[in-house]
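A.B. asks: Structural data only, the sequence is not supplied:
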């Protein structure tokens with residue numbers, strides 16, 4: 001990297017060369033040629049800067065559009081999975097003269113479709129039954145004295161909890177054992 005003194009010395013050398021060579025050629029012509037070359041370089045640099053700014057603006061617009069589309073269509077795959085579940089429920093409601101066993105079989109099939117849709121979308125159930133109470137994944141609804149369970153063990157699940165890609169969507173609502181009094 002050159003110092004300011006080096007730059008001054010280089011400028012002085014250019015001036016001395018122009019002055020010393022002025023007898024051989026026209027100094028005005030040399031200066032006009034140097035000016036024209038500097039203007040050409042400046043125009044080229046301006047053109048490159050404008051192109052870079054335009055490219056940056058295009059990249060920014062493309063990124064905004066991609067984010068908007070990601071938000072807009074994020075659930076498209078999951079919605080496609082749920083359409084089969086809805087179809088199954090509609091078919092079960094359309095059946096006339098269905099027996100209890102038929103309704104039960106239809107409900108089981110629909111629940112399996114829903115479980116597959118959840119699995120494909122990485123929605124997992126929180127495992128709670130007979131597990132130690134974990135406030136990060138469980139919400140205690142009640143505590144019941146139980147002699148044959150360790151204190152703070154989940155003994156009953158009132159409502160299942162769910163995790164989506166490692167993030168808790170809903171905690172499991174549970175009943176927790178406590179030591180008998």
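C.D. replies: Now that the structure is in, tell me what you want to look at. For clarity, every value in this text was computed on a predicted model and none was experimentally measured.
A.B. asks: where in the chain is pLDDT low?
C.D. replies: For the chain, the stretches flagged by pLDDT under 70 are 1-4, 6-25.
A.B. asks: Do a quick rundown of the strands in it.
C.D. replies: 123-125, 138-145, 154-159, 162-164, 167-170, 172-178 (DSSP state E).
A.B. asks: who's in contact with the third one?
C.D. replies: Judged by CB atoms under 8 Å, 6 or more residues apart in numbering, the contacts made with strand 154-159 from elsewhere in the structure are 128-133, 138, 141, 144, 146, 149, 170, 172-177. Just so you know, the C-beta spots here come from the backbone N, C-alpha and C atoms, and that holds for glycine as well.
A.B. asks: Show the buried residues in those.
C.D. replies: Those of those that meet the buried threshold are 128, 131, 133, 138, 146, 149, 172, 173, 174, 175, 176, 177, by 16 or more other CB atoms under 10 Å.
A.B. asks: Run a quick check on the third one versus residue 139, I expect a contact.
C.D. replies: Going back to what we said before, that points to residue 133. No - taking contacts as CB atoms under 8 Å, residue 133 lies outside contact range of residue 139: 9.8 Å.
A.B. asks: which residues are in contact with both of those two?
C.D. replies: Common neighbours of residue 133 and residue 139 (criterion: CB under 8 Å, 6+ apart): residue 174.
A.B. asks: How is this protein divided into domains?
C.D. replies: Under the assignment automatic domain parsing, the domains of the chain span 4-69, 75-121, 123-181.
A.B. asks: what's the most buried one of those domains?
C.D. replies: Ranked by mean neighbour count, those are led by domain 123-181 with a mean of 15 (mean count of other CB atoms under 10 Å).
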